[in-house]
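Participant: Sharing a sequence plus its predicted fold:
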Amino acid sequence: MSRRPDPPPQLFALDASQALGQHVADALRLPLSDHLERDFEDGEHKTRPLTSVRGRNVFVIQSLYADEAQSVNDKLCRLLFFLGAVKDAAARHVTAVVPYLCYARKDRKTKSRDPVTTRYVARLFEAVNVDRVMTVDVHNLAAYQNAFRCATEHLEARTLFVNYFATALDAQDLVVVAPDAGGVKRVERFREGLSAVIGTDVPMAFVEKKRSSGVVSGGTLVGPVAGRTALIMDDLIGTGTTLVQAATACREAGAEAVHAAATHGLFVGDAAAKLAHDALDSVVVTNTVPPFRLDETPTRAKIQVLDASGLLAEAIHRTHTGGSIVDLMSI
């Protein structure tokens, strides 16, 4: 007797990530499954699936950034409660798809009695018995992988940026810049990918940066920038301080133009004012975090948003079918 094929993955997107979830569903050619999010007068809430998940491979999309409607903690709790409800409803395998993972920057003690919040967040996911956590360009990959005891998948938006910049910028006289020494390995992988696509070796530079008590200092630039177009790469943009500091250093070193890219554009605080700086020509981000904080500002014209839903959809497909995420990241 032949074995019946497995059903397709079951996909949910919580309300705060409906737009991204719908793009992922469209790429997978699957419907988003129905769910309920209900708020109570006392500030509590509940979330639950409205369709059976018994025996299914379930993927739940929720990007964990604050917006006008919900705080980071609100979104985290809603996601955790929903994951727990799905697991209790007899789903076979549950994956939390968290394009932007909150608290990933607090991954070590930098001062006495500091929390290691990344590890505590990992314990919360494990407490609701999630089988796998999938995220994109986490701040510190080693800390992320070490914090979780459940399975993890780490996706990189590198190929999205390589394909964009290979056609958007003249391949001649490019230099890829790491805004701090900690980002050198990430930027080196991007540099190698860009060099392979455009068929010429792109050099790399980096900016020395120090951070203490939230204050960023430094700015010494090392690398061949004079007369070139500088392309600054980072994993995320918060207030924009690091990015503008790096762009200014590139201009002072003789860069003809300066462009920047980061997977997650948070654009908090006075980012809109900082990114309006003349040293910076453009900023490219993905839709793991939509640039809603810049929508009513002139700086929005500098921002280009790349769609990461295809990357997420392919990773979901490969996870469901037993395909290779490692091979996906090597494309």
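Facilitator: Received the coordinates, thanks. Fair warning: this is a prediction, and the values are worked out from it, not measured in the lab. Numbering: from 1, shown residues only.
Participant: hey, where'd the strands end up in the stretch 201-331 of the chain?
Facilitator: With DSSP state E, counting those that start in this stretch as the criterion, the stretch 201-331 of the chain has strands at 204-212, 215-222, 229-237, 257-265, 282-286, 303-306.
Participant: Going by neighbour count, which residues of the shortest one are buried?
Facilitator: Within strand 303-306, the residues that qualify as buried by neighbour count (16 or more other CB atoms under 10 Å) are Ile303, Leu306. C-betas here are computed from N, CA, C, even on glycine.
Participant: Show me what that strand is in contact with.
Facilitator: Strand 303-306 has contacts (CB atoms under 8 Å, 6 or more residues apart in numbering) with 157, 160-161, 164, 265, 282-287, 290-291, 294.
Participant: May I ask which of those has the most neighbours?
Facilitator: Each of those was scored by neighbours using other CB atoms under 10 Å; the highest score is Gly265's, at 29 neighbours.
Participant: pLDDT of the longest helix along the chain, averaged?
Facilitator: The single longest helix within the chain, with elements called by DSSP state H, is helix 72-88. Per-residue pLDDT over helix 72-88 has a mean of 98.
Participant: Quick one: list the elements packing against it.
Facilitator: Using 3 or more CB pairs under 8 Å, 6 or more residues apart in numbering; DSSP states H and E, the elements in contact with helix 72-88 are strand 45-49, strand 57-61, strand 93-98, helix 117-127.
Participant: Tell me how far stretch 64-74 lies from the chain's centre.
Facilitator: In terms of CA atoms, centre = their mean, to the nearest Å, the centre of stretch 64-74 is set 16 Å apart from its chain centre.
Participant: Would you mind measuring the gap between the ends of that stretch?
Facilitator: This stretch, stretch 64-74, spans 9 Å end to end (CA to CA, to the nearest Å).
Participant: Now do the buried residues in it.
Facilitator: In stretch 64-74, counting by 16+ other CB under 10 Å, buried: Leu64, Tyr65, Ala66, Gln70, Asp74.
Participant: and which of the contacts of strand 303-306 is nearest to Thr47?
Facilitator: Pro290 (21.4 Å; CB to CB).
Participant: in the sheet, who's paired with Thr135?
Facilitator: Val98, His154 (DSSP bridges).
Participant: Ok, Thr47 next?
Facilitator: Here Thr47, judged by DSSP bridges, has bridge partners Glu37.
Participant: if I look at it, how far off is Phe81?
Facilitator: Distance of Thr47 to Phe81, given as CB to CB, to the nearest Å: 5 Å.
Participant: Now for Leu174, how many residues are close by?
Facilitator: 22.
Participant: my read: it touches Gly227, true?
Facilitator: No. Judged on CB atoms under 8 Å, Leu174 makes no contact with Gly227 at a distance of 11.3 Å.
Participant: Select, out of the helices and strands packed on helix 72-88, the one closest to Gln22.
Facilitator: Of all these, strand 57-61 sits nearest to Gln22, with 9.6 Å by CB to CB.
Participant: List phi and psi for Leu30.
Facilitator: For Leu30, the backbone dihedrals are phi -130, psi 150 (criterion: degrees, to the nearest 10).
Participant: I'd guessed it sits against Leu11; true?
Facilitator: Yes. Using CB under 8 Å, Leu30 is in contact with Leu11, at 5.5 Å.
Participant: Neighbour count: those two, which is higher?
Facilitator: A count of neighbours by other CB under 10 Å puts Leu11 above the other of Leu30 and Leu11, at 23 against 17.
Participant: give me the element that one is part of.
Facilitator: Here Leu11, judged by DSSP states H and E, is contained in strand 10-13.
Participant: how's the protein carved up into domains?
Facilitator: As recorded under automatic domain parsing, the domains making up the chain are 10-157+309-329, 158-306.
Participant: which stretches of the stretch 1-150 of the chain have low pLDDT?
Facilitator: Low-confidence segments of the stretch 1-150 of the chain, defined by pLDDT under 70: 1-5.
Participant: give me that answer again for 50
Facilitator: 1 (pLDDT under 50).
Participant: Compute the distance between Glu153 and Ala271, please.
Facilitator: Distance of Glu153 to Ala271, given as CB to CB: 29 Å.
Participant: the more surrounded of the two?
Facilitator: Taking other CB under 10 Å, Glu153 and Ala271 do not tie; Ala271 has more neighbours (24 against 19).
Participant: you'd agree the more buried one is up against Thr242?
Facilitator: No. The criterion here is CB under 8 Å, and Ala271 misses it with Thr242 at 11.0 Å.
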